[in-house]
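Undergrad: compute the structure for the input listed below.
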Amino acid sequence: MNRGHVEAVHLAAEHEFSKATRDSIEIVAGIGVRGDAHAGEKVQHLSRVRVDPSQPNFRQVHLIPCELFDELRERGFALLPGQLGENISTRGIDLLRLGRDDKLRIGDVVLRVTGLRNPCAQIEAFKPGLLKHLVFQEKGQVVRKAGIMTTAVTGGIVRAGDTILLERASGERIPLDRV
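TA: Residues are numbered from 1 along each chain as shown. You can find the predicted model right below:
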């Protein structure tokens, strides 16, 4: 699937688990979502700031496919877009099968895929029993399903309904790992 669309957009000015749904968000090149607690050139996730605040921020914009919410609903977890802390909820594009450095074009915005979100214990605190559906072992491999992280290559406005176009990185596909 090389094409999808934006279902909803979200941001939170403070470091909160869930993000509020907005009519639109502004992506700033090299920074992320204007006004979001995770925006910045350097790492903003609190656990990573404690380790080394000078690290580059490879987690500027977080995307989750709404197909995940559909799957979780069948398992008894009624989640709404934004509740898992993503900035962009998508539909129709298989985010977890993308490669590192693939690009997602949403209007004027270009996001470069950096890796997988590493689900953390906050997910279990948010909804007991949920974490085991977002990170687990399968055929000897760790599977992470909590979306992908990207950096902002070019900026612009993103709204629900916008088309997402996939541009594959040149060369051999590099599988996603946690960032």
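Undergrad: could you export the helix or strand of the chain with the lowest mean pLDDT as PDB, CA atoms only?
TA: Using mean pLDDT, DSSP states H and E, helix 46-51 stands out as the lowest-scoring helix or strand of the chain, at a mean of 89. Provided in PDB are the C-alpha atoms of helix 46-51 (Å, rounded to 0.1, in the frame of the first residue of the first chain):
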ATOM      1  CA  LEU A  46      11.800  12.400  29.200                       C
ATOM      2  CA  SER A  47      13.500   9.000  29.700                       C
ATOM      3  CA  ARG A  48      15.900   9.800  26.900                       C
ATOM      4  CA  VAL A  49      16.600  13.300  28.100                       C
ATOM      5  CA  ARG A  50      17.700  11.900  31.500                       C
ATOM      6  CA  VAL A  51      20.200   9.600  29.700                       C
END
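Undergrad: other SSEs contacting the following helix or strand past it?
TA: The helix or strand immediately downstream of helix 46-51 is strand 61-65, counting by DSSP states H and E. Contacts defined by 3 or more C-beta pairs under 8 Å, 6 or more residues apart in numbering; DSSP states H and E place strand 61-65 against strand 88-91, strand 148-154. The C-beta positions use only the backbone N, C-alpha and C, and glycine is treated the same way.
Undergrad: strands of this protein, start to end?
TA: 3-11, 20-22, 24-28, 32-33, 61-65, 88-91, 103-106, 109-116, 135-138, 141-144, 148-154, 156-159, 163-167 (DSSP state E).
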